[in-house]
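Enquirer: A predicted structure for the sequence below; I have some questions about it.
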Amino acid sequence: MKHLPTTLLLSTLAITLSAQAHNLVPAPKQTQSVLIKNATVHTVIQGVLTNTDVLIENGKISALGPQLSTNTTASTQVVDASGKHLYPGLIALDTSLGLVEIEMVRPTVDNAEVGDVNPQISAASAYNPDSELLPTIRYNGITHAQIVPSGDGLAGQSVVVDLDAWTIEDALQPNEGQFHVYWPQIKRMPEDEKEKAKAIEKNQQAIDKLITAFEDGYRYFLSQNAQDTDNWPNLRWQAMLPLYQGKATLFAHADSVSQIEQVIALTKKYQFKLVIVGGYDAWRLASSLREVNASVIYPHTLSLPKRKDEPVDLPFKIPSLLANAGIPYALGFSSDWNSRNLPYAAGYSAAYGVTPEQALKSVTLDAAKLLGIADLGAIAVGYQGSVVLSDGDILDPMSSKIDAIWIEGRQIDLNNRHQQLYQKYLKR
């Protein structure tokens, strides 16, 4: 194999590294009160309030109402939002942001670990807060994201971050543990009978391996409860203890009826707190999901049907089917770059059966509740001052125009790679 010239290697490395970091400076911690006046406020909790003021102090919403006083401090930043809409920051679920930079450049992809039983792995260890993707994502009103490891089997633990920070420690949002399992499935059934039998057998082996892993973790949990002094720590099963203690949630990636039924059976056995990620067929199993108090992250709103004989608009309608079935759900967008389309996926769900208020709630408050974060996803006193000011409907790509974003009261720089390229080629 021929060796590349040193200069070419260095150039390639420089290009790769430059593609992994943006040059925007994260906003400093809020020191100046922010008073947003005369906005149409989409509170999510109290409906839509017109000509309403919102005061943000020390990273939290401290007051909400008409004609709030501007004399809170001499240095209060007053923003005239007349004719504009104020929304809670949107929350992107099931993303690989900060783990994947350029999908076709392997050194910039760090979203999965080797092996299929890795409960000890956390997405926090690989998250890049300088990712070039983040400024573009938040330009669509997304202030927070769930960063999820990919893989087969037990892939690891996700974290929740805000999208403007120097380090992962600064970005992390406190929440309970989130363990992700990708339930095995046969992606495409072979037509040949022998190959079909092999595929079924291989899939069953993968399921058996997962069931064994969960049982091993449970036995380790029991030994810890018994304070077995002879038991040596095992990193895998030690990491899973919060799951068996009821202090963490199992996020099971499953779409089909059979997958979801198997996950429900597992949940019943160990009394896990359960969230189904995918949930294409979840509405068909409403009573079973309600029985185990499961929620759903539905990421397929802009997808095509999974079966040839289904209506072409079924994926668009599933959020309304989940709502009608009484299943708590939030919308996700399983991607890196494309997670910026989350608000438009929510808008699509509003066009196909849910109310605009429910559509907004599915990417704000419902998402925060599903993640176990109590002070995010709404505009109300005591909630985080993470809000988005828009000229139009944030769920409508034709009218949405983001004017300003605050994350915990810090005003965020809206510059991004897309804007930079637009300005560059506008002058060509």
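Expert: It's in.

Enquirer: from here on, contacts and neighbour counts on C-alpha atoms
Expert: Fine.

Enquirer: how many residues are close by the closest residue to residue 128 other than its chain neighbours?
Expert: The shortest distance from residue 128 to any non-neighbouring residue, by CA to CA, 6 or more residues apart in numbering, is to residue 98 (4.6 Å). Residue 98 has 27 neighbouring residues, counting by other CA atoms under 10 Å.

Enquirer: ok, now which ones touch residue 98?
Expert: 126-131, 133-134, 147, 336 (CA atoms under 8 Å, 6 or more residues apart in numbering).

Enquirer: how about 7 Å then?
Expert: Counting by CA atoms under 7 Å, 6 or more residues apart in numbering, residue 98 touches 127-129, 131.

Enquirer: and it, how far is that from residue 120?
Expert: Residue 98 sits 19 Å away from residue 120, taking CA to CA, to the nearest Å as the criterion.

Enquirer: which SS class is the residue nearest to residue 128?
Expert: The three-state assignment at residue 98 reads coil, by DSSP: H, G, I helix; E, B strand; the rest coil.

Enquirer: tell me the phi and psi of it?
Expert: When read as degrees, to the nearest 10, the backbone of residue 98 gives phi 80, psi -10.

Enquirer: list buried residues within the contacts of residue 98.
Expert: With burial judged by 16 or more other CA atoms under 10 Å, the buried subset of these is 127-129, 131.

Enquirer: columns secondary structure on top of those residues, output as a markdown table?
Expert: As requested, the buried ones among the contacts of residue 98 are exported to a markdown table (three-state DSSP):
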| residue | secondary structure |
| --- | --- |
| 127 | coil |
| 128 | coil |
| 129 | coil |
| 131 | coil |
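
Enquirer: where does pLDDT dip in the chain?
Expert: Across the chain, the ranges flagged by pLDDT under 70 are 1-22, 70-74, 227-232.

Enquirer: do you know how far residue 80 is from residue 400?
Expert: Using CA to CA, residue 80 is found at 18 Å from residue 400.

Enquirer: please disregard the earlier target; I meant residue 178.
Expert: Applying CA to CA, the value for residue 178 to residue 400 is 32 Å.

Enquirer: settle it for me: which of those two has more neighbours?
Expert: Neighbour comparison, residue 178 and residue 400: the larger count goes to residue 178, with 26 against 19 (by other CA under 10 Å).

Enquirer: which residues touch the more buried one?
Expert: 157-158, 248-251.

Enquirer: how close does it get to residue 336?
Expert: 19 Å.

Enquirer: show me the protein divided up by domain.
Expert: If you go by automatic domain parsing, the domain ranges for the chain are 25-89+377-428, 90-373.

Enquirer: wait, is residue 102 part of a strand?
Expert: No. Assessed with three-state DSSP, residue 102 is coil; it does not lie in a strand.

Enquirer: I figured it hits residue 110, correct?
Expert: No. Between residue 102 and residue 110 there is no contact under CA atoms under 7 Å: 10.5 Å.

Enquirer: could you check which of those two has the larger neighbour count?
Expert: Under the criterion of other CA under 10 Å, the comparison of residue 102 against residue 110 puts residue 110 first, with 20 against 17.

Enquirer: residues in contact with residue 135?
Expert: Here residue 135 is in contact with 414-416 (CA under 7 Å, 6+ apart).

Enquirer: with residue 297 instead?
Expert: Residue 297 makes contact with 276-279, 329-332 under the criterion CA under 7 Å, 6+ apart.

Enquirer: would you mind measuring from it to residue 116?
Expert: From residue 297 across to residue 116, the span is 22 Å (CA to CA).

Enquirer: same check on residue 41?
Expert: In terms of CA to CA, residue 41 sits 46 Å off from residue 116.

Enquirer: between these two, which is the more surrounded one?
Expert: residue 41 (27 against 19).

Enquirer: quick check: that one is in a helix.
Expert: No. Counting by three-state DSSP, one finds residue 41 to be strand, located in no helix.

Enquirer: how about the contacts made by it?
Expert: 48-50, 52, 85-87.

Enquirer: go again using 6 Å as the cut-off
Expert: 48-49, 85-86 (CA atoms under 6 Å, 6 or more residues apart in numbering).

Enquirer: for the protein, longest helix please?
Expert: helix 193-225 (DSSP state H).
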